[in-house]
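*Asks:* 3D model of this:
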Amino acid sequence: MRIAISTGGGDAPGLNAVIRAAVLSAIDRGWHVLGIKRGYAGLLGEEDVVPLTRDSVRGIGHLGGTILHTTNRGNPFSYPVLQPDGSYIEINRSAELVENARNLGIDAIIAIGGDGSLAIAQQMGTVGLRMVGVPKTIDNDVSGTITTFGFDTAVNTAMEAIDKLHTTAESHDRVIVMEVMGRNAGFIALHSGVSGAAHAILIPEIPYDVDVVCRSIMARDARGRHFAIVVVAEGAFERGGSESTLGASLPGQAKRVGGVAERLAQQIQERTGKECRSLVLGHLQRGGMPTGYDRMLATRFGAAAVQAVEDGKWGHMVALQSPDIVTVPIAQVLGHPKRVDPNHDIVRTARRLGISFGDQG
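*Replies:* From the prediction side, this is the model:
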């Protein structure tokens, strides 16, 4: 058996631990393993396909990032191709990819990625490649699994930032608005905000009213607490409004979500008269060494993905359904994206603690 591993989409702490576990588990079975560089670019002649051995994965389990590199612009069904005039067009290179995979003797591919990469994996299964998925996203927005590796690390990074912001905000009697990742799902904002004792948490699942947020800040002020920490997911938006967007980072890319913290900080300062600052945590949430929890989960996922290949679970994704690692059909996962339930126990607990979600009061 010869398998290949690819990593696509945004990076996440724990990717290398998945690769390591998958490689060692495959070698234990006497299989050969290849690594596809930068998504699927290695199978399209724009990057390398490299052998993965025990030496290749020695000492990488604790490292952030991915030794295979990654991209969020590598969909083989709509692959961006640079034109002489500097513009991009998208073409279908899936047939080329399948042919190159077969020429290399690849029997199956383990695709590690979020919902976008998993959708590509499912589609590649329809054109003749045998695929197994591993869910990867710091946003924790892939359904079918209780959590994804990288999420715990991202939450801890955000929580540590909130801890530091408390001291400077209180010293200056300021309001500080911190923006965290989460385009469609507010899990990072919710978990880090509650753990870090934020005073307001704004997430995409609960549209907010700026005036409600300001009233909660001024109510604290009246109690002699003259500072506040507001944690906002990048995809959060006002009632009746829409998410804030930035320009595309590269030609051919969609606009990026972001900028909500700066806008919100200005609105709060204008309405309350309190000095307000904003902070975008950004890619700090993706970087660094994975926590112990994420290393363990990633290791379990990598080993389970190889077991899924051995069992012929094509078109399936490994998932955590405590206490077990199971497999679920990717099609089922994609049909039900995971979002924060506004009535979840964590949300209810936060409200009882006096944390505002900008929708009540």
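
*Asks:* residue 16 - how many residues pack around it?
*Replies:* Residues lying near residue 16 (other C-beta atoms under 10 Å) number 26. All C-beta spots, glycine's among them, are computed from the backbone N, C-alpha and C.

*Asks:* is it true that it touches residue 58?
*Replies:* No - between residue 16 and residue 58 there is no contact under C-beta atoms under 8 Å: 11.1 Å.

*Asks:* which parts of stretch 213-223 are buried?
*Replies:* Applying a neighbour-count criterion of 16 or more other C-beta atoms under 10 Å, the buried positions in stretch 213-223 are 213, 214, 215, 216, 217, 218, 220, 221.

*Asks:* helix, strand or coil for the last one?
*Replies:* Classification of residue 221 using DSSP: H, G, I helix; E, B strand; the rest coil returns helix.

*Asks:* the one 5 residues further on too?
*Replies:* The local conformation at residue 226, judged by three-state DSSP, is coil.

*Asks:* please renumber so the chain begins at 10
*Replies:* All set: I'll call the first residue 10, so the last point we hit is now residue 235.

*Asks:* can you pull the contacts of it?
*Replies:* Contact analysis of residue 235 by C-beta atoms under 8 Å, 6 or more residues apart in numbering lists 182, 229, 283.

*Asks:* nearest to residue 153, of those residues?
*Replies:* Of all those, residue 153 sits closest to residue 229, with 39.6 Å by C-beta to C-beta.

*Asks:* for the closest residue in space to that closest one that isn't next to it in sequence, give the beta-bridge partners.
*Replies:* With C-beta to C-beta, 6 or more residues apart in numbering as the criterion, residue 229 has its nearest non-adjacent residue at 5.7 Å, and that residue is residue 237. Listed by DSSP bridges, the beta-bridge partners for residue 237 are residue 184.

*Asks:* distance of residue 237 from residue 179?
*Replies:* 10 Å (C-beta to C-beta, to the nearest Å).

*Asks:* okay, the two: which has more neighbours?
*Replies:* Neighbours were counted for residue 237 and for residue 179 using other C-beta under 10 Å; residue 237 has more, 28 against 15.

*Asks:* pretty sure the more buried one sits against residue 210.
*Replies:* No - using C-beta under 8 Å, residue 237 makes no contact with residue 210, being 11.7 Å away.

*Asks:* next, count neighbours for the nearest residue to residue 120 once chain neighbours are set aside.
*Replies:* Excluding its sequence neighbours, the residue lying closest to residue 120 (C-beta to C-beta, 6+ apart) is residue 130, at 4.0 Å. Look at residue 130: counted by other C-beta under 10 Å, it has 27 neighbours.

*Asks:* how close does residue 130 get to residue 42?
*Replies:* According to C-beta to C-beta, residue 130 and residue 42 sit 17 Å apart.

*Asks:* just residue 367 next, same as before
*Replies:* Per C-beta to C-beta, residue 367 is found 48 Å from residue 42.

*Asks:* domain map for this protein?
*Replies:* By the record's domain assignment, the chain is partitioned as 11-158+299-331, 161-296+350-361 (automatic domain parsing).

*Asks:* save those as JSON lines, and put in mean pLDDT too.
*Replies:* Shown next, in JSON lines, are these (pLDDT from 0 to 100):
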{"stretch": "domain 11-158+299-331", "mean pLDDT": "96"}
{"stretch": "domain 161-296+350-361", "mean pLDDT": "93"}
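
*Asks:* got a markdown table for those domains, with distance to residue 338 too?
*Replies:* Listed next are the domains of the chain as a markdown table, based on distance: least, C-beta to C-beta, whole Å:
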| stretch | distance to residue 338 |
| --- | --- |
| domain 11-158+299-331 | 6 |
| domain 161-296+350-361 | 21 |
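
*Asks:* between these, which one is nearest to residue 344?
*Replies:* domain 11-158+299-331 (8.3 Å).

*Asks:* so how far is that closest one from its chain's centroid?
*Replies:* 15 Å (C-alpha atoms, centre = their mean, to the nearest Å).

*Asks:* identify the residue nearest residue 222 in space, chain neighbours excluded?
*Replies:* residue 367 (4.5 Å).

*Asks:* that older thread, for residue 29, state which of the contacts of residue 235 is nearest.
*Replies:* Lowest distance from residue 29 to the contacts of residue 235 (C-beta to C-beta) belongs to residue 229, with 46.8 Å.

*Asks:* from residue 31, how far out is the closest one?
*Replies:* Taking C-beta to C-beta, one finds residue 229 at 49 Å from residue 31.

*Asks:* narrow the buried residues of stretch 222-232 to those in helices?
*Replies:* With helices taken from DSSP state H, the overlap with the buried residues of stretch 222-232 comprises 222, 223, 224, 225, 226, 227, 229, 230.

*Asks:* what would these look like in TSV with distance to residue 49?
*Replies:* Compiled in TSV, those are given as follows (distance: C-beta to C-beta, whole Å):
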residue	distance to residue 49
222	43
223	48
224	50
225	47
226	48
227	52
229	50
230	54
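
*Asks:* looking at the residues you listed, which is nearest residue 86?
*Replies:* After measuring these against residue 86 - C-beta to C-beta - the closest member comes out as residue 222, at 41.9 Å.
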